[in-house]
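[1] Fold the following for me, if possible:
(2 chains)
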Amino acid sequence: AQRVTQPEKLLSVFKGAPVELKCNYSYSGSPELFWYVQYSRQRLQLLLRHISRESIKGFTADLNKGETSFHLKKPFAQEEDSAMYYCALNTGTASKLTFGTGTRLQVTL
Amino acid sequence: DSGVTQTPKHLITATGQRVTLRCSPRSGDLSVYWYQQSLDQGLQFLIQYYNGEERAKGNILERFSAQQFPDLHSELNLSSLELGDSALYFCASSAGPQPTNEQFFGPGTRLTVL
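    Here you go, the predicted structure:
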């Protein structure tokens, strides 16, 4: 069964510090991975997908098939990055998104 | 507001009862997804409809059912409610049938079963 693991419930960093939100998945084939974000009082929304290889709001994520990881990174955290982040996996065969339990990022001054 | 809408926002009911949650997708979107988020759990996919037809099924209990109507709005019916059904229920919509299409989420319905 496909599974997504986000080991940290809460990640607290100082403004300007680097951020790495961890995501590991279990699937032996070619996965599609996503990061969704929910800011305070807003709806869950797509942040980025690995297939696009883009940087959104300064965040990037690289798919590492060897380590089955898709960590979300940003070199310098901003206060407005404080939010709940969910990693999600689609394996194509299952025709569904499997979400991790989420990591709350807290950026403090 | 042309985004995904969900009603009601909050619902409090008793064990054994039946409730209906409603979702209207974004204008033009044909897919509707239902998710359940319990305390300390990630979003659990329940079911997807595309243009009126069931397209994919997740961990949806037999006590739960859903449908998508000709106007594309969807309803999730939860019956014989148990305490463990208390959760946030999210609806999402997307333009196409693939779950990898960007999904746009509604604000959720918070269900409390007492």
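[2] What number of residues are in the vicinity of the residue lying closest to A:E32 once chain neighbours are set aside?
    Of all residues not flanking A:E32 in the chain, A:N90 sits nearest, at 4.5 Å (CB to CB, 6 or more residues apart in numbering or on different chains). Bear in mind the C-beta positions are built from the backbone N, C-alpha and C, glycine included. Residues lying near A:N90 (other CB atoms under 10 Å in any protein chain shown) number 20.
[3] what about the chain, any weak spots by pLDDT?
    Went with chain A since none was named. Within chain A, the stretches with pLDDT under 70 are A:92-95.
[4] I was thinking of chain B, sorry if that wasn't clear
    Low-confidence segments of chain B (pLDDT under 70): B:1-2.
[5] For it, list the residues in contact with chain A, please.
    With CB under 8 Å from any CB of the partner chain as the criterion, chain B meets chain A at residues B:3-4, B:35, B:40-45, B:48, B:55-56, B:58, B:90, B:92, B:98-100, B:102-107.
[6] ok, now with 7 Å
    Residues of chain B found near chain A (CB under 7 Å from any CB of the partner chain) are B:40-43, B:45, B:56, B:58, B:99-100, B:102, B:105-107.
[7] Which of those residues are buried, as a ChimeraX select command?
    Buried subset of those, written as a ChimeraX selection, criterion 16 or more other CB atoms under 10 Å in any protein chain shown:
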select /B:42,43,45,56,58,99,100,105,106,107
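[8] of the residues of chain B next to chain A, closest to B:L72?
    B:G106 (13.6 Å; CB to CB).
[9] gap between the closest one and B:Q17?
    23 Å (CB to CB, to the nearest Å).
[10] Quickly find the element holding the most centrally placed residue in chain B.
    Residue closest to the average C-alpha location in chain B (CA atoms, centre = their mean): B:W34, at 3.2 Å. Per DSSP states H and E, B:W34 falls inside strand B:31-37.
[11] and that strand, what does it pack onto?
    Contacts defined by 3 or more CB pairs under 7 Å, 6 or more residues apart in numbering or on different chains; DSSP states H and E place strand B:31-37 against strand B:44-50, strand B:87-94.
[12] right, and these - which one's nearest A:A17?
    strand B:87-94 (31.0 Å).
[13] Are we agreed that B:N77 is in a strand?
    Yes. Per DSSP: H, G, I helix; E, B strand; the rest coil, B:N77 lies within a strand segment.
[14] tell me the contacts of it?
    B:N77 sits next to B:R18, B:T20, B:F64, B:S65, B:A66 when contact means CB atoms under 7 Å, 6 or more residues apart in numbering or on different chains.
[15] surely B:R18 meets B:E75?
    No. Using CB atoms under 7 Å, B:R18 is not in contact with B:E75, being 11.9 Å away.
[16] Those two - which one has more neighbours?
    B:E75 (16 against 11).
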